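everything below, folded, please.
(6 chains)
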Number of protein chains: 6
Amino acid sequence: MSQTARTRILCDVDFDRDGVQTGYLRLFHSSHASAYGFLPIPIVVIRNGAGPTALFVSGNHGDEYEGQVAVSNLARSLKPEQITGRVILLPTANYPAAMAGNRVSPVDNLNLNRIFPGDPDGSVTQQIAWFIAEQLIPRADFVCDLHSGGSSLLYAPCALTNRAADDALYGKQLAALKAFGAPLAYVQGRAQGQGGNQTLGGVAERLGIPSLGSELGGAGAVSREGLAIAERGVRNLLVHLGILPPGRRIDAPETRIVAVGGQEHFVYAEEPGLFEPLADLGEAVRAGQPAALLHTPETPWKPPQEYRFPIDGLVLCKRHPGRSLRGDCLFVLGSAMPG
Amino acid sequence: MSQTARTRILCDVDFDRDGVQTGYLRLFHSSHASAYGFLPIPIVVIRNGAGPTALFVSGNHGDEYEGQVAVSNLARSLKPEQITGRVILLPTANYPAAMAGNRVSPVDNLNLNRIFPGDPDGSVTQQIAWFIAEQLIPRADFVCDLHSGGSSLLYAPCALTNRAADDALYGKQLAALKAFGAPLAYVQGRAQGQGGNQTLGGVAERLGIPSLGSELGGAGAVSREGLAIAERGVRNLLVHLGILPPGRRIDAPETRIVAVGGQEHFVYAEEPGLFEPLADLGEAVRAGQPAALLHTPETPWKPPQEYRFPIDGLVLCKRHPGRSLRGDCLFVLGSAMPG
Amino acid sequence: MSQTARTRILCDVDFDRDGVQTGYLRLFHSSHASAYGFLPIPIVVIRNGAGPTALFVSGNHGDEYEGQVAVSNLARSLKPEQITGRVILLPTANYPAAMAGNRVSPVDNLNLNRIFPGDPDGSVTQQIAWFIAEQLIPRADFVCDLHSGGSSLLYAPCALTNRAADDALYGKQLAALKAFGAPLAYVQGRAQGQGGNQTLGGVAERLGIPSLGSELGGAGAVSREGLAIAERGVRNLLVHLGILPPGRRIDAPETRIVAVGGQEHFVYAEEPGLFEPLADLGEAVRAGQPAALLHTPETPWKPPQEYRFPIDGLVLCKRHPGRSLRGDCLFVLGSAMPG
Amino acid sequence: MSQTARTRILCDVDFDRDGVQTGYLRLFHSSHASAYGFLPIPIVVIRNGAGPTALFVSGNHGDEYEGQVAVSNLARSLKPEQITGRVILLPTANYPAAMAGNRVSPVDNLNLNRIFPGDPDGSVTQQIAWFIAEQLIPRADFVCDLHSGGSSLLYAPCALTNRAADDALYGKQLAALKAFGAPLAYVQGRAQGQGGNQTLGGVAERLGIPSLGSELGGAGAVSREGLAIAERGVRNLLVHLGILPPGRRIDAPETRIVAVGGQEHFVYAEEPGLFEPLADLGEAVRAGQPAALLHTPETPWKPPQEYRFPIDGLVLCKRHPGRSLRGDCLFVLGSAMPG
Amino acid sequence: MSQTARTRILCDVDFDRDGVQTGYLRLFHSSHASAYGFLPIPIVVIRNGAGPTALFVSGNHGDEYEGQVAVSNLARSLKPEQITGRVILLPTANYPAAMAGNRVSPVDNLNLNRIFPGDPDGSVTQQIAWFIAEQLIPRADFVCDLHSGGSSLLYAPCALTNRAADDALYGKQLAALKAFGAPLAYVQGRAQGQGGNQTLGGVAERLGIPSLGSELGGAGAVSREGLAIAERGVRNLLVHLGILPPGRRIDAPETRIVAVGGQEHFVYAEEPGLFEPLADLGEAVRAGQPAALLHTPETPWKPPQEYRFPIDGLVLCKRHPGRSLRGDCLFVLGSAMPG
Amino acid sequence: MSQTARTRILCDVDFDRDGVQTGYLRLFHSSHASAYGFLPIPIVVIRNGAGPTALFVSGNHGDEYEGQVAVSNLARSLKPEQITGRVILLPTANYPAAMAGNRVSPVDNLNLNRIFPGDPDGSVTQQIAWFIAEQLIPRADFVCDLHSGGSSLLYAPCALTNRAADDALYGKQLAALKAFGAPLAYVQGRAQGQGGNQTLGGVAERLGIPSLGSELGGAGAVSREGLAIAERGVRNLLVHLGILPPGRRIDAPETRIVAVGGQEHFVYAEEPGLFEPLADLGEAVRAGQPAALLHTPETPWKPPQEYRFPIDGLVLCKRHPGRSLRGDCLFVLGSAMPG
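Residues are numbered from 1 along each chain as shown, chains lettered A, B, ... in the order given. So this is what the prediction gives:
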């Protein structure tokens, strides 16, 4: 680690050595139960000489699993002799959250993907964010942060990228998005995404490093379909970046790309209730079409509230848990890409 | 309520009056926040003269939702003049659990369907069980307790019944099961079911009253498919019982019926890990076929554990959450009905 | 303690010795933090030869304080030479609840006054109930259990008694109620009281021992007015019982006595909201008069719900905390005593 | 919202449009239970052309209720055609705290009125503070933040203002204080108030905007008397500011104004115990007069601790809960205004 | 398992088969996180033909570890061909408590060794107690329940037995105690032990089966000295019972045996404070000798409380944690055995 | 306090007055339970004219007790007339943690010794750190911060100092270390200590003020041996600093000094398990020597993991609790001081 690094995390692996290295980021967390202990965040580096570096992150949210499986499988299956350059794997970025099956860290209750660039002197999640932002992203030529919907959302498995302000950067991202080969993808409108500029991808954009994300399923479970898309996409991305040879590419359908923009793409609950969806993931819906009923079986004699879709679009994502509160997001729609 | 009733719950409705009555079971719970308050468990009675009584219960587990919606919809849509006899509806039987979206009660941490027949002098869930066992089930000619998989399990939507020891009773249950019209159903082997004789259905069996259950989906969400099966099944059951006229029956596919017996029908996790299923709900599997991988992305360099199905069968149910512990049930298989 | 006593609690004091004795009921509670420790429930016995025994209990609910202060003051001020007979004082009956300022025990979450007669082999609160029922009440000629409204209710300070089924017993209780000298009192209709027969007073009634209660204020605070009534009432009751000489009686106003019966004496919240009372404690109200508004400042554009009093009556008790849930008791009314 | 606004909160209403607008501040909080959800903080703007702007805030502390009711009532009753200028209403500023009936936010455990000016990138309460400081206060010509004592304190209902360092500003505040028409008011000595410069009023003072506060009761309940004072005061303040015409003023008694300064105005518990107050709200007391006893009914044989008032003064505020710890404030005294 | 067994626990092992069998007691616990899951309590049976049966239990309290290690080591090292008869090993009797490092179960908050004989229909700890009492103890000729002091106590490593009412039974226990070969042991006076008759040993005594206990250290840690005593004792006990041949006995010092009786053997804290012991484990002390100081560094100007030993004795056990409350046990003394 | 002080804490004592002063740091913490209350952190100042100032801090971690007792004893025993200069005593620096017997604050979950220099506007622990860094350390000529191992570690009682970058400062620290007279001490290698530069000692070093620490035992208990070392050391340090006269020095053995450096001095758990240490505190061990076994009694048939010491060294510290997780520190070794 560079002499001037501000991180307090110790790193077991040498990023500049050829071969496979495995170890932990040692994030010291002096708690009542373990005064001198560290949180062991696993990291794997696979390197074969000069060449591009790809960084794969999963477990940014601890309850999003397809990426964690795909990245772990890559850690065991990818051999240095197969590649040119370097692959850095961080399968459980928010390790305490991943162990707990939780979106946010049980240690400091923080959502890693809402606090970038973090703080080297802060609480444990802030220290993780800082390490990724200071030590990992700057080493990468491409960053891939694999998400799913998490415990509260279910996505039609898809890839995604931000509409970066810099056109050249956006072009690289779009090319990679297509190379990834998910059947569906969306482009997040500028400065309108969930998490704003406090996400991992936001750091990459500020550094001018292209990045890609995914939403591979959700509901706190492992989706077989989403996992297959992730495994293929990760491999195809390595081919696209020139780290794996072209012959390793796996056939994929052409990706359908839609756009997500402002609040008109979202349906929110306006009162508490039990959410019955009236549309399916991947369904094309029209403005005004019934979207959901919110029931109150605690007063079964009262009729449910009805919600309608605000715009035409494709159902990208729906809320998973039944019981819902005012302000909970029920649906996200993708719309046609602006010409 | 009869003079000798031991329940401490006050009931707003008169079971013997014609028409629609709605109100609460007033379950007094003297807490720090509400010394004289009651937990308001909604109850609806719809009656039209003499005739059979059907009791529909949902929300026995608070995070099982299709039944809660179907029973609430019935409460609003069923008119006394349409029926002969009586329908008693208890849409959120474990009201505190239902409001919390939780399997068990947040008040006393009890699982209502594991403590029957309850205790009139016990904690709140014990009092609910007692009321159902003393006041509701004995009034019924048929009991229908609508379940889903809950937060931790996902079922292929199905109906179910216990293999009652009494053949005549079992015959009535099987007939009702077929009338219900779910595409899939299973018969629970004698004394082998989850919950043993401490379930709501166990009380009905001891009283010689036929009963039916369902598992309409799960994962703590509302399944559109499961809800449609529930709505049709409830209506068809009312026709079957003679409460609704035959003309109200909704067409349904013939029900495929399988059997669930002892521990060989279950796959359990033997070590902690992240559960990747290798088979789908409704899939026919063979003994020895790979069932699941349990990954440990916290040590991504270690290979996952592999599990195999112990018998030939149909995948009825799978675990939903990714992170799993030793002893967690990963799959339940149905096998061919014994001849 | 008798040889056949089933209690597991050790008692530091000898009930049959003259003079003042102080000590603890040692309730052994083998916890993670204290494997061999006991919960020290203070007890004081003041005795002077043969004569009647009065038992004063407070802290039955831990957040009801006037009684705790009055009984503690009595423990320090009453001298054996002043009395004839015996006074037993249990100022913090539910000791863990009293230390926590909580209605119910933080150890087992039980409400002591809803679980009588308890269980000598049960959890800590069940053991306390059993000790009081087996060891204290049977030693008494009169039992006085001093309550207040607790954290969730505020009472017009008053005394109370149950309408015992036995007329002779009820007569004794009524005479004592008048001797106590509270400005207001109520008689709880038969089998309609909060807590049913699981209260301390219920045990006394089953044993044929007269008893008296109080509701001296509430809201989790010490009321100066309620404390003054308690101090006078306790002393006058000792005079009435012949334990203190007649000259020790303190002048008191005549007691106004009203009746509390069934659910028509109660106003309950029907929806969640912020409770604005529209009547004051001690106010005479008429059926149909506005009782309360429940506001929803989280949606300030919606009008509040309005509640009305169901019968004519005197406002005995009102809910204290603002935020309220469906089923919370907002008001209790007393009505004219049946002739 | 201005282009350079740093807040991440979306605002449903347009502050510059005439008429009544209602909606939410959408405070996105990406939690385990709701990844894309927002906390819906209600806001109402009533505008009629050019003129002064008054900002009314309540629910700054979630368990202080009179202001929440008064501001909600204003939101429904005030018509644009009645006013000149603009009224901005934020009835539940700390929305999660208000819904929980809690002083501090249950989300991040922060006390909104101790963290101003907040942080646009911080936790949810920090984001609320920032929005108020950046978006609401600068739009106002007058700020009124309606408090009560909260769960732990009970105030003689009163208005208050800070002794602003700028005499002109202080003069405006004093005039508004008198116009408000509370029977009692106090002036908080410079830099001595609870919360120091981290309060909402501190932000206003730094911006040179006059502001007023209130303490309308407390103990976590709605006070009828305090609510009446709030309703009148809010209206009279609108008249005073020229937003309502003079004819709308409601008669009020002259306000008695006292001063609160340093630690000599406070009585604190020095040991744990059960607090018995020996003086009433509004009572004039003398230095050395007994203020309180702290009892220990867990050792009833020990005498209570006695506390005395340190100065002559008027009892403005007393602690509400019985059980108290070392360092808890038992009383606040107002003294004569410095000449 | 016998046909009439009332336990609901499934047992993987066959107690009557020769060889080594390992598996789990499957304690079904239908929770929110795992509706069909079981708590896997490991059990090992080693059998070689006819002969006596010894039952070794550890982890009765989850934070007592030497026994858990010794019993686990025995499970791996003891070979069927070495023994005559049968050894049943239950290394983590209260499995959820052992996994949590807790005295009591985190599931139902129950202390297993205070609720015997349990309840086959009760909560999980009650079901464990019942299984041990119904299925394991009756199969044994000798029961050995290995305890340590747990998180709150530290013992001079020792063995112990109860002074069984039946002299023949007591004689067998005393012989086994000596054979065990701990340097120190104590005899618990009749009906005076911690836990009364609700312990595992109490069940054995009622069935007339001899039993032995130990206290091998404590403070929630593994003591090297205590573990060595346990390993030797367990082996010597097997020799004593004839399960291992005499040649396997390990030399041991003669056991010093003392008696523990009533409350005079205990020193308790009378006020809260920070516990400084003034005597060491194994030290011989005299009545009146200083035992402890309880400091209050939160008010460092106040002198500490001083405690003295009530009788002459040997210090068997001391409290471990510094901060202590009224009623916490600070010391246990052993005294000379009654002649 | 100086006019420009940024702390919000009020301080009862005047640091510049002769004699003994006792009082509290009033740390205002406006909570739900106490809106105007303060956390009373005791402070004692003993002064006699001009001369050096020594600052003694304990309770930096709330569950480290020997220092709290020694500093409290000093507060009561040290008389102004015995000294020259000034002694400042802060016995429970993290007062809420000390009252809870917890390493970290129960209020904000922060570890005081990992957040220096704190924040005057932050949460309560951040405010404490700031006060110590701004108000106490700059007043001192020498700072002594008395630690023990806390709940999770057990140390061979020792003193310690950092290898300050400035040789002169280091020289002063080493001289004081020897004067303290602990039998064992260690020097923490530059920038390698637990806590980095965020400790109390780190602040002192940045200000060029010499400081000393200790590790007097641990495991959350009071060690008699450690307390004796602390009492002697504190006194000898006062003699060394010239605050007490030379005649007050207590004889002490020569201090054995070892060095602690980087990660090779630590043994960490690599998998979860139950920790059996294979070496004792103070033992000299060799590289490769078995250090520990980690058992899994939940699967007793699996062999334990074995750990070995990485270097030759002296066992300074071991983990205390049995159950351990990956990343927990099992041992710390001291090695020979670099020449």
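
kindly report the residues of chain A close to chain F.
A:8, A:10, A:24, A:26, A:28, A:30-40, A:108, A:121 (CB under 8 Å from any CB of the partner chain). Backbone N, C-alpha and C define where each C-beta goes, glycine included.

show me where the stretch 151-300 of chain A has strands.
Ranges of strands within the stretch 151-300 of chain A are A:153-155, A:158-162, A:184-188, A:211-215, A:256-260, A:266-268, A:273-277, A:284-285, A:290-295, based on DSSP state E, counting those that start in this stretch.

and chain A, what are its domains?
When chain A is parsed with automatic domain parsing, its domains come out as A:10-258, A:263-336.

burial of the residue of the stretch 51-200 of chain A found nearest chain E, as a residue count?
Sorted by distance to chain E under CB to the nearest CB, the residues of the stretch 51-200 of chain A start with A:G101, at 9.1 Å. Counted with other CB atoms under 10 Å in any protein chain shown, residues neighbouring A:G101 total 19.

wait, what's in contact with A:T7?
Neighbouring residues of A:T7 by CB atoms under 8 Å, 6 or more residues apart in numbering or on different chains: A:1, A:120, A:127, A:130-131, A:134-135.

now with 6 Å?
If you count contacts by CB atoms under 6 Å, 6 or more residues apart in numbering or on different chains, A:T7 has them with A:120, A:130-131, A:134.

now rank those residues by neighbours and give me the top one.
For the contacts of A:T7, the largest number of neighbours (other CB under 10 Å) sits with A:F131, at 26 neighbours.

check contacts around that residue.
Each residue near A:F131 by CB under 6 Å, 6+ apart is listed here: A:7, A:9.

wasn't it part of a helix?
Yes. Read with DSSP: H, G, I helix; E, B strand; the rest coil, A:F131 is one of the residues of a helix.

any figure for the gap between it and A:R26?
Look at A:F131 and A:R26: by CB to CB, to the nearest Å, they are 11 Å apart.

out of the strands of the stretch 151-300 of chain A, which gets nearest to C:C144?
strand A:273-277 (48.9 Å; CB to CB).

can you tell me how far the spatially most central residue of chain A sits from A:S72?
Against the mean C-alpha coordinate of chain A, by CA atoms, centre = their mean, the closest residue is A:H147 at 2.7 Å. A:H147 is 16 Å from A:S72, where distance means CB to CB.

now do the contacts for the residue in the stretch 151-300 of chain A positioned nearest to chain E.
Among the residues of the stretch 151-300 of chain A, A:G220 lies nearest to chain E; the distance is 11.0 Å by CB to the nearest CB. Contacts were defined as CB under 6 Å, 6+ apart; by that measure A:G220 touches A:63, A:151, B:321.

repeat that for A:L184.
Under the criterion of CB under 6 Å, 6+ apart, the contact list for A:L184 reads A:156, A:158, A:256.

neighbour-wise, which of the residues you listed leads?
Highest neighbour count within the contacts of A:L184, by other CB under 10 Å: A:C158, with 28 neighbours.

burial count for the nearest residue to A:T255 once chain neighbours are set aside?
When the adjacent residues along the chain are set aside, A:T255 lies closest to A:A185, with 4.9 Å between them (CB to CB, 6 or more residues apart in numbering or on different chains). Using other CB under 10 Å, the number of residues around A:A185 comes to 25.

how near is A:A185 to A:P157?
Using CB to CB, which is the criterion applied here, A:A185 is 10 Å from A:P157.

got the phi/psi numbers for the nearest residue to A:G261 once chain neighbours are set aside?
Beyond its immediate neighbours in the sequence, the residue positioned closest to A:G261 (CB to CB, 6+ apart) is A:G189, lying 4.0 Å away. In terms of degrees, to the nearest 10, the main-chain angles of A:G189 are phi -60, psi 150.

A:C11 now?
When read as degrees, to the nearest 10, the backbone of A:C11 gives phi -120, psi 120.

next one: the one 3 residues further on
A:D14 has phi and psi values of phi -100, psi 120 when expressed as degrees, to the nearest 10.
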